[in-house]
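Student: How does the following fold in three dimensions:
(one chain, ligands or ions: 2)
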Amino acid sequence: MNPLRVIRRRAPDTGPIPVQRPDPDNQRVAAVIPAKDEAERIAATVRAVRAIPHVDLVLVVDDGSEDDTQHLARGAGAVVVRHSHNRGKASAMETGAAVVAMRDVEAGPARLLLFVDADLGATAVNAAPLVPPVLAGKADLSIAVLPKQSGAAGRGIVTGLARRAIQRATGWAPTQPLSGQRCMTRAAFDASTPLAHGWGVETGMTMDVLLQGFAVVEVPCDLRHRASGSDLAGQLHRAGQYRDVAMAVAARKFRHYKQKVTRETSGEPAEDGRSPAPPAERAITENPQPRKRRRRSRN
Ligand SMILES: O=c1ccn([C@@H]2O[C@H](COP(=O)(O)OP(=O)(O)O[C@H]3O[C@H](CO)[C@@H](O)[C@H](O)[C@H]3O)[C@@H](O)[C@H]2O)c(=O)[nH]1
Ligand SMILES: O=C(O)[C@H](O)COP(=O)(O)O
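Tutor: Ligands and ions are numbered 1, 2, ... in the order given. Prediction:
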């Protein structure tokens, strides 16, 4: 699997984005774990995440669970905040980032945000490789590429939709566009807010971050999660994912169109003086993960 895959999309004449980077040794990281009915795995996930270097705050956002998620998370050492009713994953991430901001020291460097799903259990410690590239300033957003998951029954429909949309918008085709295990700077997070709703959050975030000149890296991480099966629940889940990804993509297309019309009618240059972003400017791919090719029939 590819150990490192970086893409940087930046307008040609803008130069690097000025980012105030603190001493990497002192940079702190907040792990944000959105969780809905995760009683079975949340304690193991929290304990594993606490062992990741630089993590000094583990925040579980209980997204209206009906089970014991919040108590188990607290018992395992997390700070827990709770939505009184279910609002979806993206909303839980926004709540988490807002709570972290309140706990960041004023005038001090903002913590990096490490988003980790609640169902990773003990393997969550293997999200650790997401931190160093962001810490070192090599990327503003790192995304985990997971190994093949046992029991996964998807047919690549939602993944394909997300990947193609990101590629059309940015020139880059991510390996796992839906992967929610991500580490990012506060600036990159702010660039992707308001987050796309629900399951569209990762697709919208990757587009927003890349189109605003930030750098993204894909990092292989040996993580295991509860993969969706082929039963009715699994298919309904995928339908919801498809809907949210399609909505995130449509919203960004509309935004792009609106900005274009505004510029054309007012004669103004592109937003904040930048020229429209060019195709993918830099991509480093070492030992890339082979992608399945469709066989063409000879007939
Ligand atoms: O209303 C919800 C539903 C889920 N979750 C949490 O979100 C995470 C991901 O949910 P999961 O049911 O595990 O979804 P998957 O189908 O496994 O999700 C894959 O695809 C999603 C995008 O569609 C990404 O967000 C995930 O990271 C990726 O693993 C878990 O921690 C959940 O507890 C919430 O916080 N609120
Ligand atoms: O099972 C999965 O991997 C996700 O639910 C996405 O489904 P997909 O296989 O249609 O991309």
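Student: How far does stretch 76-87 sit from its chain's centre?
Tutor: Put simply, stretch 76-87 sits 20 Å off its chain's centre (CA atoms, centre = their mean, to the nearest Å).
Student: Quick check: mean pLDDT of that stretch?
Tutor: Summarised as a single mean, pLDDT over stretch 76-87 is 98.
Student: tally of neighbours for the residue nearest to residue 200 when sequence neighbours are not counted?
Tutor: Residue nearest to residue 200 in three dimensions, not counting chain neighbours: residue 248, with 3.0 Å by CB to CB, 6 or more residues apart in numbering. For the C-beta atoms, the positions are set from N, CA and C on the backbone; glycine is no exception. Number of residues near residue 248 (other CB atoms under 10 Å) recorded here: 27.
Student: where does residue 248 land in three-state SS?
Tutor: helix (DSSP: H, G, I helix; E, B strand; the rest coil).
Student: isn't it right next to residue 194, touching?
Tutor: No: between residue 248 and residue 194 there is no contact under CB atoms under 8 Å: 11.0 Å.
Student: what sits against residue 65?
Tutor: Residue 65 sits next to 35-39, 82 when contact means CB atoms under 8 Å, 6 or more residues apart in numbering.
Student: In strands, which of these appear?
Tutor: 35, 82 (DSSP state E).
Student: Most neighbours among the contacts of residue 65, which one is it?
Tutor: Highest neighbour count within these, by other CB under 10 Å: residue 35, with 30 neighbours.
Student: Which strand residues bridge it?
Tutor: Beta-bridge pairing for residue 35 (DSSP bridges): residue 62.
Student: when you give positions from now on, start the count at 37
Tutor: In the new numbering, first residue 37, that becomes residue 71.
Student: I'd guessed it sits against residue 95; true?
Tutor: No: using CB under 8 Å, residue 71 is not in contact with residue 95; the gap is 10.4 Å.
Student: How about the contacts made by the residue nearest to residue 236?
Tutor: Residue 284 touches 232-233, 236-237, 239-240, 243, counting by CB under 8 Å, 6+ apart.
Student: rewinding a little: restrict the contacts of residue 101 to contacts with ligand 1.
Tutor: For ligand 1, the contacts drawn from these by CB under 6 Å from any ligand atom are 71-72, 74.
Student: re the thing from before, and the contacts of residue 284, which two are the farthest apart?
Tutor: The distance between the two most remote of these (CB to CB) is 14.2 Å, for 233 and 243.
Student: Give me the more crowded residue out of these two.
Tutor: Higher neighbour count among residue 233 and residue 243: residue 243, with 25 against 18, using other CB under 10 Å.
Student: now do the same end-to-end measure for stretch 86-94.
Tutor: With CA to CA, to the nearest Å as the measure, stretch 86-94 spans 7 Å from end to end.
Student: what does the stretch 137-286 of the chain have sitting close to ligand 2?
Tutor: Residues of the stretch 137-286 of the chain lying near ligand 2 by CB under 6 Å from any ligand atom: 188, 190-195, 214, 263-264, 274, 277.
Student: give me the number of residues near the residue of the chain found nearest ligand 1?
Tutor: Residue nearest to ligand 1 within the chain (CB to the nearest ligand atom): residue 216, separated by 2.2 Å. Other residues within reach of residue 216, judged by other CB under 10 Å, total 19.
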